[in-house]
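>>> Please work out how this folds:
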Amino acid sequence: MSSADTADQAPAFDNPLTPFGVGDLGREGLVGTLVGQLGPRLADHRGRIDLPVFAVLFDHVGGFPFFLAQEDGASTLQSRLSMSLLADVAVTERLTGRAEVRTDDGTYGVSTVDLRTAAGRLCVTGTARSVRVGRGGEDTDMDSLAAPSAAGEGCLPEPIDPELSGRDIVDAIAAGALDPGPIVRLLDGRIEEGRFVVRTAPWMGNHFGTMHGGLIATIVAQGISLAAQAHTAPGVDYRVADLSVGFYRSPAVDGGEVIVEVEPVKVGRRIGSFDAVLRTRDGLLLSKAVADVIFR
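A predicted model of the protein is given here:
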């Protein structure tokens, strides 16, 4: 899949929340809630919803309670997300995210975050570490988030031939012979020389005008997902089960490219561990992550 092809396919949005179906914010004290409506637009090359899809909802609700705790209106950012995916989630599931500040020393805060299905089943859990920052940005009215629209656009990819190895699958995606999946098209992503490359766009921005932390985590996690796929034998499935991602810088969303490089730490029969680094095209370090992937 060429960059020209992905540019033609990538839809246009006004913000990073709409394509991920995020809205309906609620609050009570130091507890915040958000809703995320999934849909085919967010499926991967297997037609599955995997951990990368949850990062925007997780990040946004995870930072919300700490932001509200700043009575002087100071800006805040996430410095790290730690997420665990506990169960498979249907492509059209409606999720509720709940975050609560557990510690706040005036500069740093940690919130616990849970995402649940419409039936109340816990599917993602973890923590978000936030920090006060000195730089300013436009005021953000957190209460103005509207009800989420279904992330419904996009067609699910055709089933993958179970006789293909993971390496064959990734090579076919890189060559444009296999559908990369709606989530990769949404991100305007491609595989280039074994790396996952994403072209930034204005809709990916936060109120500072740089990339939303949830999008950074999504991009990194999707790069890890494709790297994990490359290590599967024919007929073997996988799930990105755990992700810890640190945010060092947020890239501009001006059409430049960011690149995910993934290194396997140890890949076994049941579980694989991976390190990932996100950089700009000119090598500026943006983020590092570690992840565990379950093979099944």
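>>> right, and Ser284 touches Tyr248 too?
If you look again at residue 284, you'll see it is Leu, not Ser. No. Counting by CB atoms under 8 Å, Leu284 stays clear of Tyr248, with 9.2 Å between them. Using the backbone N, CA and C atoms, a C-beta is placed for each residue, glycine as well.
>>> A strand includes Val198, no?
Yes. Counting by DSSP: H, G, I helix; E, B strand; the rest coil, Val198 falls inside a strand.
>>> Sketch out the low-pLDDT regions of the stretch 51-200 of the chain for me.
Counting by pLDDT under 70, the stretch 51-200 of the chain has low-confidence residues at 134-154.
>>> residue ranges for the helices of it, please.
In the stretch 51-200 of the chain, the helices defined using DSSP state H, counting those that start in this stretch lie at 55-69, 166-175, 182-186.
>>> a markdown table please, covering those helices and showing mean neighbour count.
Shown next, in a markdown table, are these (neighbours: other CB atoms under 10 Å):
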| stretch | mean neighbour count |
| --- | --- |
| helix 55-69 | 26 |
| helix 166-175 | 18 |
| helix 182-186 | 24 |
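>>> Nearest approach to Gly209 belongs to which of those helices?
Smallest distance to Gly209 across the helices of the stretch 51-200 of the chain (CB to CB): 16.7 Å, for helix 55-69.
>>> isn't Thr33 right up against Gly23?
No. Counting by CB under 8 Å, Thr33 stays clear of Gly23, with 11.0 Å between them.
>>> any idea how far stretch 198-216 is from the chain center?
12 Å (CA atoms, centre = their mean, to the nearest Å).
>>> now stretch 176-190
Centroid displacement of stretch 176-190 relative to its chain, using CA atoms, centre = their mean, is 15 Å.
>>> where do the strands sit along this protein?
Using DSSP state E, the strands of the chain run over residues 22-28, 31-37, 75-85, 94-104, 108-116, 122-133, 189-192, 195-199, 238-247, 257-267, 271-280, 285-295.
>>> Nearest approach to Arg46 belongs to which of those?
Nearest of the strands of the chain to Arg46, taken as CB to CB: strand 238-247 at 9.1 Å.
>>> Sheet partners, orientation included, of that closest one?
Paired strands of strand 238-247, with direction, are strand 75-85 (antiparallel), strand 285-295 (antiparallel) (DSSP bridges).
>>> doesn't Asp44 make contact with Ser225?
Yes. With contacts counted by CB under 8 Å, Ser225 reaches Asp44, the gap being 6.5 Å.
>>> Which one of those two is surrounded by more residues?
Shown here are Ser225 and Asp44; by other CB atoms under 10 Å, Ser225 has more neighbours (27 against 23).
>>> Which residue, other than its chain neighbours, is closest to the more buried one?
Leaving out its chain neighbours, the residue that sits closest to Ser225 by CB to CB, 6 or more residues apart in numbering is Val240, at 5.3 Å.
>>> Next: Leu68.
Once flanking residues are discounted, Leu68 sits nearest to Arg27: 6.6 Å by CB to CB, 6+ apart.
>>> and what of Glu257?
Glu257 sits nearest to Arg281 (CB to CB, 6+ apart), 4.7 Å away.
>>> isn't that neighbour right up against Asp254?
No. Contact criterion CB under 8 Å: Arg281 and Asp254 do not qualify, at 12.0 Å.
>>> in the chain, which residue is closest to the centre?
For the chain, Thr218 is the residue whose C-alpha lies nearest the centre (CA atoms, centre = their mean; 2.0 Å).
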